[in-house]
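A.B. asks: Okay, here's the prediction I keep looking at, along with the sequence it came from:
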Amino acid sequence: MTTRGNKIGILTGGGDVPGLNSVIKSVVYGASEIGRPVTGIRKGWEGLTNLTGPDDATYVMPLNRENTRTIDRSGGTMLHTSRTNPRRVSESKLPPHLKRDDLREYPFDGKAFNLTGLVLRNLELLGIDCLVAIGGDDTLSFGSALSAAGFPVIAIPKTMDNDVQGTEYCIGFSTAVTRAKQSITRQRTTVGSHERIGIFRIFGRDAGFTSLYTAYVTSTRCLIPEHPFDLDRVISLLMEDKTNNPSQYALIVVSEGAIWTEGHVKEYGDADAYGHRKKVDIGQALAEEIRRRTGQETMVSDLTYDLRSGEPDSIDQIVAITFANIAVELISNGTSGRMIGVQQGCYTHVPLPDVSLGARRVDVGTMYNTQRYRPNYKSKLGAPLFLSGF
């Protein structure tokens, strides 16, 4: 496939995290140094499927030094985001301007249309010859599809779950752990005052990195998706903690995707464009079982969305700026089909993630104490900063 123009496109997809605006600003500033204009695509992949023309202000935002100068001071994404998957667009969510005859061009499996061809056409219409896609596994999976179709893509991983394959670090992770630590530290006073068992639910559908590292810095127990937990054992440990604590309280951090050996947390609602359904709140389910089996009072705190809100911490801002600058360097050198990442504590770039591998997951054998439901604190000499390989 050939493209026209010399514009760099940039978009953010999936859930927002702190640090996205730092990436956007740094790409714009870096691109200006090499004489490349930047076009922001609003609302993620929705922008490249629902676009009606090159001047569609709903989805197209020309970016420059002036309109990005201060955006790194706040969280979220100035380009906004969505969970649109152009390879799986149901009839009810098709772009309104597409005519019935137009749909004959796109594959249909009986449930959804594959609009990859439309996205490629819109990229050419906008004069974009390289796209910077910022997202997690789902967003980057379509980035890989575009790359496979011959369009130049540079990927930047972001997710507070820190579970993208090929990198030890994703933008948003440090801020999530920092915010979780702050929240738990504050709420200890309430949990302790009432002598309760505090349960803190954190994002992590398939991987427990955020819960694990939060437990690491708060000295609490944690439950992660990678290792089903024995409910009786967990309750016994929490009662042990409560008895041994002078303030008579106990704490545990729980990934949203954690499961117990006696069953699993049910899902509900319709699946999104990437096949995910919402999970019943594991924090509330665990609290109910603890109350039923022990009579102990509990306090459940859902930390999920609070951890992804607001401005980034220093680590996330440093990583965001650096990832963006490396992306511009690769574009300047004519390199594409790569994702910026961290391996063995060093910045690098790797092939775009293979979607068939799924999420990167906690190495239970080295990182998690399955008997005590705690992070492993020993034998860290020589280990990378984030305690895990890639």
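C.D. replies: In hand now; what should we look at?
A.B. asks: Nearest residue to the middle of the protein?
C.D. replies: T159 (2.1 Å; C-alpha atoms, centre = their mean).
A.B. asks: Please name the nearest non-neighbouring residue to that residue.
C.D. replies: Excluding its sequence neighbours, the residue lying closest to T159 (C-beta to C-beta, 6 or more residues apart in numbering) is G136, at 3.7 Å. Backbone N, C-alpha and C define where each C-beta goes, glycine included.
A.B. asks: count of neighbours near the nearest residue to G15 once chain neighbours are set aside?
C.D. replies: Sequence neighbours aside, R308 is the residue nearest to G15 in space, at 6.2 Å (criterion: C-beta to C-beta, 6+ apart). Neighbour count for R308, taken as other C-beta atoms under 10 Å: 20.
A.B. asks: Relative to P18, how far out is R308?
C.D. replies: 7 Å (C-beta to C-beta, to the nearest Å).
A.B. asks: Now the common contact residues for these two.
C.D. replies: Between them, R308 and P18 share these contacting residues under C-beta atoms under 8 Å, 6 or more residues apart in numbering: G75, G172, T175.
A.B. asks: so how far is R201 from the closest residue in space to the second one that isn't next to it in sequence?
C.D. replies: Looking back up the chat, that one is G172. Leaving aside its sequence neighbours, G172 sits nearest to V17 (C-beta to C-beta, 6+ apart; 2.7 Å). Per C-beta to C-beta, V17 is found 18 Å from R201.
A.B. asks: Those two: who's more crowded?
C.D. replies: Between V17 and R201, counted using other C-beta under 10 Å, V17 has the larger neighbour count: 30 against 24.
A.B. asks: Return the per-residue confidence for the more buried one.
C.D. replies: On the pLDDT scale, V17 is placed at 95.
A.B. asks: helix, strand or coil for it?
C.D. replies: Assigned with DSSP: H, G, I helix; E, B strand; the rest coil, V17 falls in the coil class.
A.B. asks: show me what contacts it?
C.D. replies: Counting by C-beta under 8 Å, 6+ apart, V17 has contacts G75, K158, T159, M160, I171, G172, T175, A176, R308, D316.
A.B. asks: Over to the closest residue to Y373 other than its chain neighbours: give its phi and psi.
C.D. replies: Nearest residue to Y373 in three dimensions, chain neighbours excluded: R221, at 4.5 Å (C-beta to C-beta, 6+ apart). Torsion angles at R221 (phi, psi; degrees, to the nearest 10) stand at phi -80, psi 160.
A.B. asks: Tell me where the stretch 201-350 of the chain has helices.
C.D. replies: Assigned helices in the stretch 201-350 of the chain, in chain order: 209-218, 231-244, 282-294, 304-307, 314-332 (criterion: DSSP state H, counting those that start in this stretch).
A.B. asks: What segments of the stretch 1-150 of the chain are strands?
C.D. replies: Under the criterion DSSP state E, counting those that start in this stretch, the stretch 1-150 of the chain contains strands at 7-12, 38-41, 60-63, 89-90, 112-113, 128-135.
A.B. asks: what helix or strand is G382 on?
C.D. replies: According to DSSP states H and E, G382 maps onto no helix or strand at all.
A.B. asks: and it, how far is that from Y216?
C.D. replies: Distance from G382 to Y216, counting by C-beta to C-beta: 18 Å.
A.B. asks: Of these two, which one has the most company?
C.D. replies: Legend: neighbour count by other C-beta under 10 Å for G382 and Y216, higher for Y216 (19 against 5).
A.B. asks: pretty sure that one is touching K380, no?
C.D. replies: No: taking contacts as C-beta atoms under 8 Å, Y216 lies outside contact range of K380: 10.6 Å.
A.B. asks: quick one: contacts for A327?
C.D. replies: V27, G30, V132, I154, I156, I340.
A.B. asks: In a strand, the fifth one, correct?
C.D. replies: Right, I156. Yes: counting by three-state DSSP, I156 falls inside a strand.
A.B. asks: distance of it from I199?
C.D. replies: 34 Å.
A.B. asks: In terms of neighbours, single out the busier of these two.
C.D. replies: Legend: neighbour count by other C-beta under 10 Å for I156 and I199, higher for I156 (30 against 25).
A.B. asks: Right, I'll leave it there.
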